[in-house]
Structures are given as C-alpha cells and as structure tokens.
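just to be clear, the model below is a prediction. Sequence and coordinates:
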Amino acid sequence: MTETHHVTLTVNGVPRAAQVPARRLLSDFLRHDLGLTGTHVGCEHGVCGACTVLIDGRPVRSCLLFAVSVDGASVTTVEGCCEPDGSLGPVQQAFWDCHGLQCGFCTPGFVTTITAFLEENPEPTESDAREAIAGNLCRCTGYQNIVTSVLRAADLRRGVRA
Amino acid sequence: MKPSPFVYHRPTTLEESLEVLAEVGADGKVLAGGQSLVPLMSMRLATPAHLVDINHVDGLDRIETDDGGVRVGATSRHAAVERDPAAFAAVPLLRQALVHVAHPTIRNRGTTVGSLAHADPSGEMTAVLAMLGGTVTLASRGNERTVDAADFFLGPLESAVRPDEVAVEAFFPAPEGRTGSAWVEVSRRHGDYAVCGVGALVSLDDDLHVTAAGVGLISVGPTPVVVDVTEALAGQAHDTADVVAAGALVRAAVDPEADIHATAEYRRHLAGTLTERALQDAASAAAAHDGRGDA
C-alpha cells in the first residue's frame, strides 16, 4: 500500500540510489538500503549524535531527516572521512593515537562532527573542542580523550607530527 | 521508534504547498527543518497522514534586514540567521539567543520560523519574538495574515498556525534608540532545554540613564513571558540601576511549574537572578552602544 520514492544521493563522492518509502530515515537509508553501516543509530530522536553525517559539508542528525527530503544531496559518512587511498583520515588517526574511542559506538558521530568543525576552526582551543563535541554523547564517558583527539586531529591536519 | 507511514508531498512553490494543505486539512503537517517534528513522529506522538515538505520551495530561505528589523523566511536555518552579519547588526539579540538553541548540528537543519510555529515554551526564539514585539506571517490558499507575537503563542506546543496555513515569515523588529540586549540561561548542559532563560532589552538616554527596560523569559510558563521592568529602573544610571528590584518584579510575575529538572521555586529563583544578570549585560551593551553585550 505504501508509496515508494526513488532517492539518489551522492554518498562519499559516489552516486547511490534506492527505492524507499517516504518514512525512511536517512540513517536507515544509509544502513539498510545502501549497506553503509558505519553510521550508528543510538537514540533515534536527535539527542545522542551517533548518527551524525555531513550534508554538503555541514553536520546534521541523519535520524532526524527523511531520505526523500534530501534527495539529490551530497552526504559524507564516517566511511568518507578517510584519505583517498583508504588510510585513516586525520580525525580517525587522532582517535587511534589518543585512545579517543572505547566501545566505538558513538565514534562515527564524533568523527563526522569533528571533521566539519576543524574545516571551520582549524586551530581550536581546548574550550572550543569541548563546545564542538557538546552535542554528542559517549556512554563510555571517554570525553577527556576525545577532546585530546580533537586537538591532535587539528595538529595532524596542519601537518604537525608529534 | 520509526515514524508511521505518510504520503509525501514535495511542492516547489508556495501556492502548491497551500493547495495541498487546503486539500488534506487536519491530516497534513508542514515539514521544514524537522528537528522537532521528526522526533515527535519517531515517538509516534505525531502521526500526520500527509507531510508537505517546504524545503524545496524557492525563496523561503531568505533573511532580509533593513532599518526596521530582520525578516526571516520559513526555511532559513538557525545557523544561517546566527551567522548573518546584517541580522546581527540590526538585532543582536537574535545571535545572542540562537547560540543557546540546541547544538550547532541541530541548528544546521532546524529553522527559526519552525521553532516559533512549534511553540515550545522552552524555545529561545519564542521569547525573542515576544519581547521584540515581532510578528509571524501566515499564508493559506488565497489568504495571508500577520499575527502579533502576543497573539501567536497560545500554549505549550500550540501556536496560532492553522492546519491549512504555512508560517512563511517572522519579523524581528530592531530595537529603537540606544538599546542594548543580552541573553542568559541555565540548562543542565549547554545546548539542553533551558531550566530558565532570560533575554533583556535596556534603552538609555544620552546621559546613560535608563529610559526603558524589559525582559522575556522561557521555561517558566506555558508560553514566553514578557515583563516590562521600566518602573524599577527608569531614570537610574546604567551601571548602578536597581536590577535587584527588577528581579523581584519578575519573580512576582512568573508562575513556573515543577518538573523532573527543577522545582517551581528554583525556577522562580532563576527567573529573578537571571533577570538581574541579563539586565546588567544589556545595560552595559547599551552604554557601549554596540548593543551586543558579552554573548
């Protein structure tokens, strides 16, 4: 009975399409229809930030968007936060270096959020870093190392090797 | 935690949007940023049979500023309003309050007009519109009306928007004369719902004495509360004005309710204390004459 819609997105630079009902959330579109399970679904009502992806470079909650509503958009998921050769991107590398992840469930949302944040603010203070991640929850409560990871990622992006 | 099925409409003109809304009546709901509507749908607290997605309607995302104030279109994101230099110059209170609206990620998608239409009593924009004496323009098929803020907020999550209407624009008037503004709030974490939030506007004469002062409060009633505190401050120097007396006026004027986050008494206390701080910041901003305060 349910009408479906043909939705095309450019995901991490690659055109992807699927036929989905209007109520399909972008988070489920990415995971179920496109098989991109890097985007994690936590609270499903916009509180936890685990499902954060970038639309046209800006972080948004994919669980608060209908895929059909962003038809045609350019989406970056955690899978797209790596280097072109597939090696870890600066934010991913910083999380590795600084033990910024524990169970890893919240990590995709942090990586996307921090990637966009550093584009706008390449030299953050610790206070900026805390503010930048305030909308993401880590239930392991590993925030200290995540803040350190933000600062480390900023260094890596600037080519500082320590 | 999944929304129930609905029929999706993707109009590209306002006329088409209004046509659909007129046809589907109370079964329809307008989708703008969706940062309040989609969670309600996922929790099945809202189950509209038709969604009218206005994100693809041309011209609704404008932000226009002139000497009179700032006009914000239906699909302008909070983040766009927050970053707009002309809007900040004309009505600094907009950015001062917007930085307290949820988190940047939510502000990237959520719309200012949508948050007015949603009429959450803890929504910062409701009080900003009310204390500035702004308006919301509502369009329906073949009709348009402009509603004053005082008549727009009817109750918790209830605004004057009818099922066949789209809130197409909000107007935030620029304060007149030498006026400073400020926004302060207390929440459990930055970006969470305010336990109490207070905006202040203070106008000074050429000798830096107060000529008018008012505050707008959120999370202390079913709708935003505006209190004129001019009587407590008029004629007093900007830096020694009796903001404690103004705080007392506000404590007497509000009738907050208790919930899981705070007792009614604590909210009343915050209303008074935050009023004092906001008035001080707004008076300093007016004296500096950039109107911006410390936000």
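All right, it came through fine. Residues are numbered from 1 along each chain as shown, chains lettered A, B, ... in the order given.

going forward, measure contacts between C-alpha atoms and count neighbours the same way
OK.

what residues does chain A put near chain B?
Within reach of chain B by C-alpha under 8 Å from any C-alpha of the partner chain, chain A has these residues: A:2-3, A:21-23, A:44-46, A:58-61, A:64-65, A:69, A:113, A:134-135.

for ChimeraX, what selects the buried ones among those?
A single ChimeraX command is used to select the members of these judged buried by 16 or more other C-alpha atoms under 10 Å in any protein chain shown:
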select /A:21,22,23,44,45,46,58,59,60,61,64,65,69,113,134,135
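
got the phi/psi numbers for A:Arg158?
Main-chain torsions, A:Arg158, degrees, to the nearest 10: phi -80, psi 0.

okay, it: pLDDT?
With respect to pLDDT, A:Arg158 scores 92.

residue closest to the middle of the chain?
Assuming you mean chain A. In chain A, the centroid-proximal residue (C-alpha atoms, centre = their mean) is A:Thr112; its distance is 2.9 Å.

wait, chain B was what I had in mind.
The centre of chain B sits closest to B:Met125, judged by C-alpha atoms, centre = their mean, with a distance of 1.2 Å.

so what does that residue look like in phi/psi?
Dihedral pair for B:Met125: phi -60, psi -30, per degrees, to the nearest 10.

same thing with the one 5 residues further on?
With angles defined as degrees, to the nearest 10, B:Ala130 sits at phi -70, psi -40.

what about it, how many neighbours?
B:Ala130 has 24 neighbours, counted by other C-alpha atoms under 10 Å in any protein chain shown.

start and end of stretch A:68-86, how far apart?
Taking C-alpha to C-alpha, to the nearest Å as the measure, stretch A:68-86 stretches 29 Å from start to finish.

show me where chain A has strands.
Taking DSSP state E as the test, the strands found in chain A are A:4-11, A:14-21, A:52-55, A:58-61, A:74-76.

helices and strands around the fourth one, which ones?
In this structure, strand A:58-61 makes packing contacts with strand A:52-55, helix A:107-120, helix B:104-107, judged by 3 or more C-alpha pairs under 8 Å, 6 or more residues apart in numbering or on different chains; DSSP states H and E.

can you list the strands that the first one pairs with?
Strand A:52-55 has these partner strands in its sheet, going by DSSP bridges: strand A:58-61 (antiparallel), strand A:74-76 (antiparallel).

what parts of chain B come near chain A?
Neighbours of chain A within chain B, by C-alpha under 8 Å from any C-alpha: B:1-8, B:34-35, B:38-39, B:42-43, B:53, B:55, B:103-106, B:108-109, B:190-191.

out of the residues you listed, which end up buried?
By neighbour count, with 16+ other C-alpha under 10 Å, the residues of chain B next to chain A hold B:2-8, B:34-35, B:38-39, B:42-43, B:53, B:55, B:103-106, B:108-109, B:190-191 as buried.

now do stretch A:67-78, average pLDDT.
Rounded mean pLDDT across stretch A:67-78 is 98.

cool, and stretch B:164-180?
Here the average pLDDT along stretch B:164-180 is 97.

gap between it and the chain center?
Distance of stretch B:164-180 from the chain centroid (C-alpha atoms, centre = their mean, to the nearest Å) equals 10 Å.

could you list the buried residues of that stretch?
Buried positions in stretch B:164-180, judged by neighbour count with 16+ other C-alpha under 10 Å: B:164-175, B:178-180.

which non-adjacent residue is nearest A:Pro124?
Residue nearest to A:Pro124 in three dimensions, not counting chain neighbours: A:Leu151, with 6.9 Å by C-alpha to C-alpha, 6 or more residues apart in numbering or on different chains.

repeat that for B:Ala150.
Spatial nearest neighbour of B:Ala150, excluding adjacent residues (C-alpha to C-alpha, 6+ apart): B:Ala130 at 6.3 Å.

same deal with B:Ala262?
The spatially closest residue to B:Ala262, leaving aside those adjacent along the chain, is B:Val195, at 6.9 Å (C-alpha to C-alpha, 6+ apart).

that neighbour contacts B:Arg188, correct?
Yes - using C-alpha atoms under 8 Å, B:Val195 is in contact with B:Arg188, at 7.4 Å.

okay, now the unreliable bits of the chain?
I'll assume chain A. Where chain A drops to pLDDT under 70, the residues are A:1, A:160-162.

you looked at the wrong chain, it should be chain B
Using pLDDT under 70, chain B drops low at B:290-295.

can you give me the strands for it?
Using DSSP E, strands in chain B cover B:7-9, B:28-31, B:50-53, B:63-66, B:69-73, B:135-140, B:143-148, B:153-155, B:158-159, B:166-173, B:178-187, B:194-204, B:210-218, B:225-228.
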